[in-house]
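Novice: what shape does this take:
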Amino acid sequence: RQLIAVMLLYSFINSYSQEGTGLIPFEQAYKRTYHNTRLTGTPPVIDGKLEDKCWVNEGSWSQDFIQNIPVERAQPTYPTRVKILYDDKNIYFALRAWDPEPEKINRFVGNRDDNSIGDLISVAFDTYHDYRAAPEFNINAGGNKTDLIVTDALSVNLNWNAVWEGKTAVNDSSWTVEYRIPFSQLRYNRTDSSMVWGLHVRRIVRRIQETDQWSLIPRKNSGHVYSFGTITWLEGIPKARLVEF
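Specialist: So this is what the prediction gives:
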(Lines give C-alpha, C1' and ligand atoms only; values in the text may rest on other atoms or scores of the structure.)
Protein backbone atom coordinates (compact mmCIF):
# COMPACT_ATOMS: atom_id res chain seq x y z
CA ARG A 1 0.00 0.00 0.00
CA GLN A 2 2.83 2.39 0.83
CA LEU A 3 4.44 1.67 -2.55
CA ILE A 4 1.17 2.35 -4.39
CA ALA A 5 0.69 5.59 -2.45
CA VAL A 6 4.23 6.72 -3.32
CA MET A 7 3.68 5.89 -7.01
CA LEU A 8 0.40 7.82 -7.10
CA LEU A 9 2.01 10.80 -5.38
CA TYR A 10 4.93 10.79 -7.87
CA SER A 11 2.53 10.59 -10.80
CA PHE A 12 0.53 13.55 -9.44
CA ILE A 13 3.63 15.66 -8.81
CA ASN A 14 5.07 14.85 -12.27
CA SER A 15 1.78 15.71 -13.99
CA TYR A 16 1.42 18.92 -12.00
CA SER A 17 4.98 20.01 -12.71
CA GLN A 18 4.54 19.39 -16.46
CA GLU A 19 1.33 21.41 -16.55
CA GLY A 20 3.00 24.14 -14.53
CA THR A 21 5.75 24.51 -17.12
CA GLY A 22 3.25 25.19 -19.88
CA LEU A 23 5.26 22.97 -22.25
CA ILE A 24 3.65 20.91 -24.99
CA PRO A 25 3.96 17.18 -24.12
CA PHE A 26 6.80 15.58 -26.06
CA GLU A 27 4.61 12.85 -27.55
CA GLN A 28 2.34 15.51 -29.08
CA ALA A 29 5.24 17.55 -30.46
CA TYR A 30 7.53 14.87 -31.94
CA LYS A 31 7.08 12.90 -35.19
CA ARG A 32 3.74 14.39 -36.21
CA THR A 33 1.93 13.15 -39.35
CA TYR A 34 0.29 15.19 -42.11
CA HIS A 35 -2.27 13.43 -44.34
CA ASN A 36 -1.90 14.87 -47.81
CA THR A 37 -4.75 15.43 -50.29
CA ARG A 38 -4.78 15.04 -54.08
CA LEU A 39 -5.95 18.21 -55.80
CA THR A 40 -9.23 17.74 -57.70
CA GLY A 41 -9.91 21.31 -58.81
CA THR A 42 -7.90 24.09 -60.41
CA PRO A 43 -4.29 24.42 -59.22
CA PRO A 44 -3.45 27.60 -57.31
CA VAL A 45 -1.97 30.66 -58.94
CA ILE A 46 1.37 31.12 -57.18
CA ASP A 47 1.13 34.72 -55.99
CA GLY A 48 1.43 34.20 -52.22
CA LYS A 49 -2.10 35.42 -51.43
CA LEU A 50 -3.93 32.12 -50.66
CA GLU A 51 -7.12 33.32 -52.37
CA ASP A 52 -7.49 30.25 -54.61
CA LYS A 53 -10.47 27.94 -54.10
CA CYS A 54 -8.25 24.94 -53.43
CA TRP A 55 -6.85 26.55 -50.26
CA VAL A 56 -10.40 27.11 -49.06
CA ASN A 57 -12.18 23.94 -50.18
CA GLU A 58 -9.63 21.15 -50.47
CA GLY A 59 -7.38 19.38 -47.99
CA SER A 60 -6.88 20.34 -44.38
CA TRP A 61 -4.87 22.96 -42.53
CA SER A 62 -2.46 21.77 -39.86
CA GLN A 63 -1.43 24.12 -37.08
CA ASP A 64 -0.29 23.75 -33.46
CA PHE A 65 3.33 24.60 -34.26
CA ILE A 66 5.86 24.08 -31.47
CA GLN A 67 8.50 26.52 -30.29
CA ASN A 68 12.05 25.23 -30.68
CA ILE A 69 13.98 28.41 -29.83
CA PRO A 70 14.23 29.97 -27.28
CA VAL A 71 12.06 27.60 -25.17
CA GLU A 72 11.82 24.07 -26.54
CA ARG A 73 8.22 22.74 -26.56
CA ALA A 74 6.70 26.08 -25.50
CA GLN A 75 3.68 27.52 -27.27
CA PRO A 76 4.65 29.79 -30.19
CA THR A 77 4.28 33.54 -29.74
CA TYR A 78 2.30 33.78 -33.00
CA PRO A 79 0.15 31.07 -34.66
CA THR A 80 1.15 29.37 -37.91
CA ARG A 81 -0.74 26.93 -40.12
CA VAL A 82 0.16 24.93 -43.21
CA LYS A 83 -1.58 23.04 -46.02
CA ILE A 84 -0.11 20.75 -48.68
CA LEU A 85 -1.82 19.49 -51.87
CA TYR A 86 -0.54 17.59 -54.91
CA ASP A 87 -1.47 16.50 -58.43
CA ASP A 88 0.32 14.43 -61.07
CA LYS A 89 3.02 17.03 -61.62
CA ASN A 90 3.48 19.19 -58.53
CA ILE A 91 3.36 19.60 -54.78
CA TYR A 92 1.56 22.78 -53.67
CA PHE A 93 2.48 24.23 -50.29
CA ALA A 94 0.69 27.07 -48.47
CA LEU A 95 1.45 28.66 -45.12
CA ARG A 96 -0.04 31.50 -43.11
CA ALA A 97 2.17 33.10 -40.45
CA TRP A 98 0.16 35.39 -38.19
CA ASP A 99 1.80 38.53 -36.84
CA PRO A 100 -0.02 41.33 -34.96
CA GLU A 101 2.59 43.87 -36.13
CA PRO A 102 3.01 43.19 -39.85
CA GLU A 103 4.81 46.49 -40.33
CA LYS A 104 7.66 45.04 -38.25
CA ILE A 105 8.07 41.87 -40.35
CA ASN A 106 11.65 41.70 -41.61
CA ARG A 107 11.41 41.68 -45.42
CA PHE A 108 15.07 41.50 -46.36
CA VAL A 109 15.60 41.42 -50.15
CA GLY A 110 18.82 40.02 -51.57
CA ASN A 111 20.21 37.40 -53.92
CA ARG A 112 19.09 33.84 -54.51
CA ASP A 113 20.29 31.48 -51.75
CA ASP A 114 20.76 34.46 -49.43
CA ASN A 115 17.87 34.68 -46.98
CA SER A 116 19.76 34.39 -43.71
CA ILE A 117 18.19 37.76 -42.87
CA GLY A 118 14.45 38.28 -42.69
CA ASP A 119 11.48 36.33 -41.37
CA LEU A 120 11.72 32.88 -42.92
CA ILE A 121 9.65 29.84 -43.87
CA SER A 122 11.17 26.51 -44.89
CA VAL A 123 9.85 23.09 -45.88
CA ALA A 124 11.94 19.95 -46.37
CA PHE A 125 10.99 16.51 -47.70
CA ASP A 126 12.82 13.26 -46.95
CA THR A 127 11.61 11.81 -50.26
CA TYR A 128 13.24 8.39 -49.82
CA HIS A 129 12.20 8.33 -46.15
CA ASP A 130 15.59 6.85 -45.33
CA TYR A 131 16.54 9.54 -42.75
CA ARG A 132 19.71 10.46 -44.67
CA ALA A 133 19.11 13.70 -46.62
CA ALA A 134 16.32 16.01 -47.69
CA PRO A 135 15.81 18.78 -50.27
CA GLU A 136 14.78 21.97 -48.48
CA PHE A 137 12.94 24.98 -49.92
CA ASN A 138 13.18 28.29 -48.06
CA ILE A 139 11.64 31.69 -48.65
CA ASN A 140 11.70 34.83 -46.54
CA ALA A 141 9.07 37.53 -46.22
CA GLY A 142 10.83 39.60 -48.87
CA GLY A 143 10.54 36.77 -51.40
CA ASN A 144 14.17 35.59 -51.35
CA LYS A 145 14.37 31.91 -52.31
CA THR A 146 16.92 29.36 -51.13
CA ASP A 147 17.09 25.68 -52.06
CA LEU A 148 19.53 23.22 -50.57
CA ILE A 149 20.12 19.65 -49.49
CA VAL A 150 20.35 19.08 -45.74
CA THR A 151 21.70 15.84 -44.26
CA ASP A 152 20.95 14.05 -41.04
CA ALA A 153 24.22 15.40 -39.62
CA LEU A 154 23.01 18.94 -40.47
CA SER A 155 25.51 19.54 -43.24
CA VAL A 156 24.11 21.81 -45.97
CA ASN A 157 24.70 21.77 -49.73
CA LEU A 158 23.70 25.14 -51.22
CA ASN A 159 25.03 24.15 -54.65
CA TRP A 160 21.86 22.14 -55.30
CA ASN A 161 19.38 24.17 -57.34
CA ALA A 162 15.86 23.29 -58.42
CA VAL A 163 13.23 24.87 -60.67
CA TRP A 164 10.29 25.83 -58.43
CA GLU A 165 7.97 28.74 -57.70
CA GLY A 166 7.62 30.55 -54.39
CA LYS A 167 5.82 33.80 -53.62
CA THR A 168 4.93 35.73 -50.45
CA ALA A 169 2.37 38.38 -49.52
CA VAL A 170 1.78 40.51 -46.42
CA ASN A 171 -1.61 41.67 -45.12
CA ASP A 172 -2.82 43.43 -41.99
CA SER A 173 -2.50 40.40 -39.70
CA SER A 174 -0.07 37.91 -41.27
CA TRP A 175 2.27 37.03 -44.08
CA THR A 176 1.51 34.17 -46.42
CA VAL A 177 3.48 31.80 -48.63
CA GLU A 178 2.73 29.66 -51.71
CA TYR A 179 5.01 27.11 -53.40
CA ARG A 180 4.77 25.00 -56.54
CA ILE A 181 7.42 22.27 -56.46
CA PRO A 182 7.48 19.98 -59.53
CA PHE A 183 7.96 16.28 -58.86
CA SER A 184 10.49 16.43 -61.71
CA GLN A 185 12.85 18.24 -59.31
CA LEU A 186 12.75 15.50 -56.66
CA ARG A 187 14.15 12.00 -56.43
CA TYR A 188 11.98 9.29 -54.88
CA ASN A 189 11.09 5.61 -55.15
CA ARG A 190 7.82 5.39 -57.02
CA THR A 191 5.33 2.74 -55.86
CA ASP A 192 1.77 1.91 -56.86
CA SER A 193 0.68 2.22 -53.23
CA SER A 194 0.67 5.29 -51.01
CA MET A 195 4.10 6.77 -50.35
CA VAL A 196 5.34 8.14 -47.05
CA TRP A 197 7.93 10.93 -46.97
CA GLY A 198 9.60 12.74 -44.11
CA LEU A 199 8.35 16.32 -43.60
CA HIS A 200 9.80 19.31 -41.78
CA VAL A 201 8.28 22.81 -41.71
CA ARG A 202 9.94 25.72 -39.89
CA ARG A 203 9.17 29.39 -39.22
CA ILE A 204 11.68 31.99 -37.97
CA VAL A 205 10.55 35.32 -36.49
CA ARG A 206 13.73 37.39 -36.49
CA ARG A 207 12.79 40.36 -34.32
CA ILE A 208 11.91 38.14 -31.34
CA GLN A 209 14.58 35.52 -32.21
CA GLU A 210 12.08 32.68 -32.22
CA THR A 211 12.01 29.47 -34.26
CA ASP A 212 8.80 27.43 -34.48
CA GLN A 213 8.42 23.98 -36.02
CA TRP A 214 5.43 22.00 -37.25
CA SER A 215 6.96 18.82 -35.82
CA LEU A 216 9.62 19.23 -33.17
CA ILE A 217 13.26 18.42 -33.82
CA PRO A 218 14.77 18.42 -30.31
CA ARG A 219 17.85 20.64 -30.03
CA LYS A 220 19.87 17.91 -28.28
CA ASN A 221 18.88 15.26 -30.80
CA SER A 222 21.72 13.46 -32.57
CA GLY A 223 19.83 13.26 -35.89
CA HIS A 224 18.13 15.99 -37.95
CA VAL A 225 16.37 14.28 -40.88
CA TYR A 226 15.76 11.27 -38.63
CA SER A 227 13.49 13.44 -36.48
CA PHE A 228 11.27 14.74 -39.31
CA GLY A 229 7.54 14.25 -39.09
CA THR A 230 5.82 12.40 -41.95
CA ILE A 231 3.54 13.18 -44.87
CA THR A 232 1.32 10.38 -46.22
CA TRP A 233 -1.18 9.60 -48.99
CA LEU A 234 1.04 10.49 -51.94
CA GLU A 235 -0.63 8.13 -54.43
CA GLY A 236 -0.37 7.62 -58.19
CA ILE A 237 2.60 9.94 -58.71
CA PRO A 238 4.35 9.28 -62.04
CA LYS A 239 8.03 8.40 -62.13
CA ALA A 240 10.18 11.49 -61.81
CA ARG A 241 11.95 12.51 -65.04
CA LEU A 242 14.21 15.07 -63.35
CA VAL A 243 13.59 17.54 -66.19
CA GLU A 244 11.78 20.89 -66.15
CA PHE A 245 11.39 23.25 -69.13
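Novice: from Thr211, how far out is Asn140?
Specialist: For Asn140, the distance to Thr211 (CB to CB, to the nearest Å) stands at 14 Å. Where you see a C-beta, it was placed from the backbone N, CA and C, and this is true even at glycine.
Novice: quick one: which of the two has more around it?
Specialist: Neighbour tally, Asn140 and Thr211, criterion other CB atoms under 10 Å: the higher count belongs to Asn140, 28 against 20.
Novice: select the longest strand from this protein.
Specialist: Secondary structure of the chain per DSSP state E: the longest strand is strand 195-205.
Novice: which elements pack onto that one?
Specialist: Secondary-structure packing of strand 195-205 (3 or more CB pairs under 8 Å, 6 or more residues apart in numbering; DSSP states H and E): strand 90-98, strand 120-126, strand 133-140, strand 210-213, strand 229-234.
Novice: other SSEs contacting the following helix or strand past the third one?
Specialist: Meaning strand 133-140. For strand 133-140, the succeeding helix or strand toward the C-terminus, using DSSP states H and E, is strand 145-151. In this structure, strand 145-151 makes packing contacts with strand 133-140, strand 156-157, judged by 3+ CB pairs under 8 Å, 6+ apart.
Novice: confirm for me that Asn144 is in contact with Arg107.
Specialist: No - counting by CB atoms under 8 Å, Asn144 does not reach Arg107; the two are 9.2 Å apart.
Novice: who touches both of the two?
Specialist: Gly118 (CB atoms under 8 Å, 6 or more residues apart in numbering).
Novice: who has more neighbours, the two?
Specialist: Neighbours were counted for Asn144 and for Arg107 using other CB under 10 Å; Asn144 has more, 23 against 16.
Novice: separation between the more buried one and Asp212?
Specialist: 19 Å.
Novice: and for Gly48?
Specialist: Taking CB to CB as the measure, Gly48 falls 19 Å from Asp212.
Novice: got it, and Asp47?
Specialist: For Asp47 relative to Asp212 (CB to CB), the value is 24 Å.
Novice: again with Leu50
Specialist: Applying CB to CB, the value for Leu50 to Asp212 is 19 Å.
Novice: higher neighbour count, the two?
Specialist: Higher neighbour count among Leu50 and Asp212: Asp212, with 23 against 19, using other CB under 10 Å.
Novice: Val196: which of the helices and strands packed on strand 145-151 is closest?
Specialist: Proximity to Val196, assessed across those by CB to CB, is greatest for strand 133-140 (13.6 Å).
Novice: what is the burial count for Thr71?
Specialist: Thr isn't right for residue 71; it's Val. A count of neighbours around Val71, defined by other CB under 10 Å, yields 12.
Novice: swap in the one 3 residues further on?
Specialist: Counted with other CB under 10 Å, the neighbours of Ala74 add up to 17.
Novice: was I right about it contacting Phe65?
Specialist: No - assessed by CB under 8 Å, Ala74 is found out of contact with Phe65, at 10.8 Å.
Novice: check for me that Ser184 belongs to a helix.
Specialist: Yes - assessed by DSSP: H, G, I helix; E, B strand; the rest coil, Ser184 belongs to a helix.
Novice: against Asp88, how distant is it?
Specialist: In this view, Ser184 and Asp88 are 11 Å apart by CB to CB.
Novice: for those two, indicate the residue with more neighbours.
Specialist: Taking other CB under 10 Å, Ser184 and Asp88 do not tie; Ser184 has more neighbours (17 against 10).
Novice: ok, how many other residues are close to the closest residue to Met195 other than its chain neighbours?
Specialist: Of all residues not flanking Met195 in the chain, Leu234 sits nearest, at 4.2 Å (CB to CB, 6 or more residues apart in numbering). A total of 22 residues lie near Leu234 under the criterion other CB under 10 Å.
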